[in-house]
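Trainee: After the sequence you'll find the predicted model.
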Amino acid sequence: MAYPHEHPRETRVLSKYFGDKDAIGIDGWIERGGYKALDKAFGMSRDEIIEVVKDSGLRGRGGAGFPAGLKWSFMPKNGDRPNYLACNADESEPGTFKDREIMRWTPHQLIEGIIICSYAINAEHAYIYIRGEFVDVVRVLNGAVVEAYERGYLGKNIRGSGYDLDLTVHLGAGAYIAGEETGLLNSLEGRRAEPRVKPPFPAQRGAFGMPTTVNNVETLAAVPGIVENGADWYRQWGTEKSPGTKLFSCCGHLRRPGNYEVPLDFNLKELVFEICGGPPEGREMLAVIPGGSSVPIMTVDELDCDVSYEGIEAAGSLLGSGGLIAMDDSTCMVHAVRKMVDFYAHESCGQCTNCREGSSWLAKILRRIERGQGREEDIPLLLDISANMAGKTICPLSDSAAVPVVSSIEKFMDEYMAHIRDGSCTAVR
Amino acid sequence: MSDAMHPAIVSAQPSQRAETNPDAPLFEGEYHDRFEKILSRYPNKRAALLPALNLAQELRGWLSPETMARIAELLDLTPAYVRSVASFYTMFATRPVGKYLIQVCAGIGCDLCGAEDVVERLLELTETRLGEASADGKYTVMEVECLGGCGFATMVQVNDQVYEDIKAEDVEGLLKGLD
């Protein structure tokens, strides 16, 4: 069966072999041109690799969008301490399911990217921190790692280069906050996944106290193509500030939900209405969250922008992880926001008071509004709590919990008022 | 893949196999070897905690205080520390669960597509309440946070099997298919 949905307007670079069962194993992957970039990388100096990734403009695909090559360049050169790479495969942002597909269809694409990055930053051990819920993906990934060892792409003296690298798949155990890079490092070390105060940044003091680079799966999977074909090849897509292609995980009320890859200058409205087919038959689109539940909600009228980091920001939201959540007119916005806030309240690690207390109070107040027991004073109260949560904690989970509350009050006040004043709901059933 | 003993594979699948003899050493035979391989992949013992808890849960079905105390011994940690970490992560069961642990995604993507109806139907058919094992010990139904398959709503995971695109009307067939 072909990959669930494809669309002729996609630009399939990372996702070219999604749905192709023969691309999963190492032989099939090599037949499709895999591991050529690695051989090329071993013919380059470490600085040359970092330079080409910098020039490509590849930005971190986990949500923050930090330039990948720049991050690698922060790693100490010729240090006497071991360096590590941690690949963030925690994929916990609600609405995001792109890394899962990269790993289950093209595990060697990721492994090749990991080896190239590890070589560039001189890491001796790379860890893939994958969420424990991805049981079927873990089986695929473990099999691929074994194949890579057997073929000499991992282990001692890889491909005669003199470079040694070990790769370990490390399972998480159900914690959203382990997707935050320093939470991930604590979890990898056998601790509660509580984020650390930065600085020191991971490149100075990361896993086991050693210099560490943390990169998202999609970022690392993009590396082999860039190393093999050059920075200009990658820059043929996207914008000056957001080059390349990106996977969008599209879910919610859509005719064709799924993962779609488009250049970063693609139009958001066309992504939602053409590629994903818009809302189901007989429904009107109400709102879209373009980058996972941590980014501001956009009304359907705000969608005419390009999907670059700067394009979505100018339109009032953020690209985030590319987890696009579509909501049609059957959605009760108060309920949807309450579900999102419930999630953050459950997942708050509890270190910072503003987040721990704020998120659960937001959830409680939203629940009473949803049930028709809210008061008009609840709206300023929600905004006040939200203001006390943003930018005041160790990590951005607290900000994330406040975001859907603030943006929904700003854009869907009628929904709140219908619940508060009439105990009714504006959703079309 | 049958290469379960390869050193690169250190992490267990929580397949919920129940252990009937609690007095036996925690990791024996194949499990002992897997535990040793886990230790070899990290620069210190503490880092082996999550994989070791995973392995123990695969073996025992859940993590009792005794199991956690044994892991503490094996890794030179205190029992309190092990419990403080285990209780942080939702996938570690610190209470016994049914033979079939049914986890339904309650994330926003699945919620928009009818996850609550799936949960309701599951609770009705298994005659349980959320998080509680059924009287015959067969089922525990849990709502879990986003399972990372939002485009295939509703995501349901039973032990280590993942089911995509589940609607309320599919629940009866899913349960029948488990036995």
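Mentor: Nice, I can see it.

Trainee: didn't A:Gly277 look like it was pressed against A:His253?
Mentor: No - under the criterion of CB atoms under 8 Å, A:Gly277 is not in contact with A:His253, lying 10.6 Å apart. Using the backbone N, CA and C atoms, a C-beta is placed for each residue, glycine as well.

Trainee: When the two are compared, which one has more neighbours?
Mentor: Neighbour count, other CB atoms under 10 Å in any protein chain shown: between A:Gly277 and A:His253, A:His253 has more, with 24 against 16.

Trainee: And the pLDDT for the more buried one?
Mentor: You'll see A:His253 listed with a pLDDT of 97.

Trainee: So what sits opposite B:Leu103 in the bridge?
Mentor: Careful, residue B:103 is Gln; it's not Leu. B:Met142, B:Gln157 (DSSP bridges).

Trainee: State the pLDDT value of it.
Mentor: pLDDT recorded at B:Gln103 is 95.

Trainee: State whether A:Arg196 and A:Leu185 are indeed in contact, as I suppose.
Mentor: Yes - the criterion here is CB under 8 Å, and A:Arg196 meets it with A:Leu185 at 7.2 Å.

Trainee: So these two - more neighbours on which side?
Mentor: Between A:Arg196 and A:Leu185, A:Leu185 has the larger neighbour count (other CB under 10 Å), namely 26 against 20.

Trainee: Would it be right to say that the more buried one lies in a helix?
Mentor: Yes - under DSSP: H, G, I helix; E, B strand; the rest coil, A:Leu185 falls within a helix.

Trainee: for it, what are its contacts?
Mentor: A:Ala86, A:Arg196, A:Pro202, A:Gly206, A:Ala207, A:Thr212, A:Val214 (CB atoms under 8 Å, 6 or more residues apart in numbering or on different chains).

Trainee: nearest residue to the last one other than its sequence neighbours?
Mentor: With sequence-adjacent residues excluded and distances taken as CB to CB, 6 or more residues apart in numbering or on different chains, A:Val214 is closest to A:Glu181, at 4.2 Å.

Trainee: residue contacts, that neighbour?
Mentor: Going by CB under 8 Å, 6+ apart, the list of residues near A:Glu181 reads A:Ala86, A:Asn88, A:Pro202, A:Val214.

Trainee: Ramachandran coordinates for A:Ala175?
Mentor: phi -160, psi 110 (degrees, to the nearest 10).

Trainee: cool, A:Lys364 as well?
Mentor: Taking degrees, to the nearest 10 as the convention, A:Lys364 sits at phi -60, psi -40.

Trainee: Per-residue pLDDT of it, please?
Mentor: Looking at A:Lys364, the pLDDT reads 98.

Trainee: Can you report how many residues lie near it?
Mentor: 14.

Trainee: A:Ile379 now?
Mentor: Neighbour number of A:Ile379 under other CB under 10 Å is 18.

Trainee: now swap in the one 5 residues further on and tell me
Mentor: Number of residues near A:Asp384 (other CB under 10 Å) recorded here: 11.

Trainee: Let me know the next secondary structure element after whichever strand or helix holds it.
Mentor: Using DSSP states H and E, A:Asp384 sits in helix A:378-389. Next in sequence after helix A:378-389, counting helices and strands by DSSP H and E, comes helix A:397-411.

Trainee: For that next one, list every residue counted as buried.
Mentor: Neighbour-count burial for helix A:397-411, counted by 16 or more other CB atoms under 10 Å in any protein chain shown, picks out A:397-409, A:411.

Trainee: for stretch A:159-170, same thing?
Mentor: A:Tyr163, A:Leu165, A:Asp166, A:Leu167, A:Thr168, A:Val169, A:His170.

Trainee: pLDDT score for residue 15?
Mentor: I'll assume chain A. The model's pLDDT for A:Ser15 equals 97.

Trainee: not quite, I wanted chain B
Mentor: The model's pLDDT for B:Ser15 equals 41.

Trainee: before we move on, what about B:Val10?
Mentor: So, for B:Val10, pLDDT stands at 47.

Trainee: I am finished for the moment; much appreciated.
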